[in-house]
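Colleague: Show me how the following folds:
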Amino acid sequence: MRERIQRLQDKLKSVRTVEWDQLPDMDLYMDQVVTYIEGLMGVYSSDDSEARNVTHNMVNNYVKEGYIRRPVNKKYARDQVADLYLMLLLKQVLPIPVLAEGLKMMKTEESLKEGFNRILVLQDDSFKRMVERLEKGFTVHDGDGNSEAKLEPSSVVNFALQLATEANVLRYTSERLLVALASGRDADSVISDPQGTRD
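Modeller: Now for the predicted structure:
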């Protein structure tokens with residue numbers, strides 16, 4: 001168990017997201033885009049999975065739905081690659097229409113370059129915080145307020161389920177905030193009443 005957790009920590013420590021200036025500055029054909037993005041998304045693949053993070057069909061569907069600008073002469077520019085990468089990075093967390101609207105709102109507030117870099121800095125910081133949490137170990141609390149770090153299956157399961165419940169709350173909150181903002185509500189009312197239930 002300890003070796004598996006160490007491998008996970010090592011994998012998380014090695015993650016380095018790409019900055020805007022590291023994206024290809026030349027236009028790419030579909031096959032090149034898919035290969036490039038697949039390489040960027042590799043950290044999210046399971047070690048034993050053959051599943052792909054991006055396919056030609058996904059890209060075509062995002063273009064068809066208007067989430068990504070149409071290619072020019074069958075080539076995708078840096079901004080389209082950035083949009084695709086952010087969509088694929090966050091689609092496990094947010095419904096694609098909500099995500100696309102959130103990215104659109106982001107681009108009205110700041111440049112795509114600034115927003116792209118900011119999101120990826122946040123992603124890197126999240127990986128670092130997770131490594132720190134894993135390094136602290138798994139704490140078991142008794143009924144008397146005492147705690148002890150243990151690496152037992154039950155404490156690992158409890159930690160994993162804690163992360164899942166946190167992820168669920170974070171997903172729900174981010175979705176509600178983006179939906180509320182997309183509906184035209186101001187940021188202060190969205191934060192105080194994400195559902196928009198109070199008048």
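Colleague: if I pick the residue sitting furthest away from the middle of the chain, what's in contact with it?
Modeller: Among residues of the chain, the one most distant from the C-alpha centroid is Asp144; the distance is 38.2 Å, by Cα atoms, centre = their mean. If a contact means Cβ atoms under 8 Å, 6 or more residues apart in numbering, then Asp144 has no contacts. Where you see a C-beta, it was placed from the backbone N, CA and C, and this is true even at glycine.
Colleague: Would you confirm that Ile5 contacts Lys136?
Modeller: No. If you go by Cβ atoms under 8 Å, Ile5 and Lys136 don't touch, sitting 11.8 Å apart.
Colleague: So the two - more neighbours on which side?
Modeller: Neighbour tally, Ile5 and Lys136, criterion other Cβ atoms under 10 Å: the higher count belongs to Ile5, 16 against 9.
Colleague: and the more buried one, that's in a helix?
Modeller: Yes. According to DSSP: H, G, I helix; E, B strand; the rest coil, Ile5 belongs to a helix.
Colleague: picking that back up, is the residue farthest from the centre of the chain in a helix, a strand, or coil?
Modeller: Following three-state DSSP, we place Asp144 in the coil state.
Colleague: Can you tell me how far it is from Leu134?
Modeller: As for Asp144, its distance to Leu134 is 26 Å (criterion: Cβ to Cβ, to the nearest Å).
Colleague: Then Ser111?
Modeller: Remark: distance between Ser111 and Leu134 (Cβ to Cβ) = 35 Å.
Colleague: Ala77 now?
Modeller: Counting by Cβ to Cβ, the gap from Ala77 to Leu134 is 38 Å.
Colleague: Repeat that for Ser155.
Modeller: Here Ser155 is placed at a distance of 12 Å from Leu134 (Cβ to Cβ).
Colleague: likewise Val179?
Modeller: Taken as Cβ to Cβ, the span from Val179 to Leu134 is 32 Å.
Colleague: Trp20 now?
Modeller: In this view, Trp20 and Leu134 are 29 Å apart by Cβ to Cβ.
Colleague: What are the contacting residues of the helix or strand harbouring Glu114?
Modeller: Per DSSP states H and E: Glu114 is located in helix 112-136. With Cβ under 8 Å, 6+ apart as the test, helix 112-136 has contacts from 5, 8-9, 12-13, 15-20, 79, 82-83, 86, 89, 103, 106-107, 109-110, 149.
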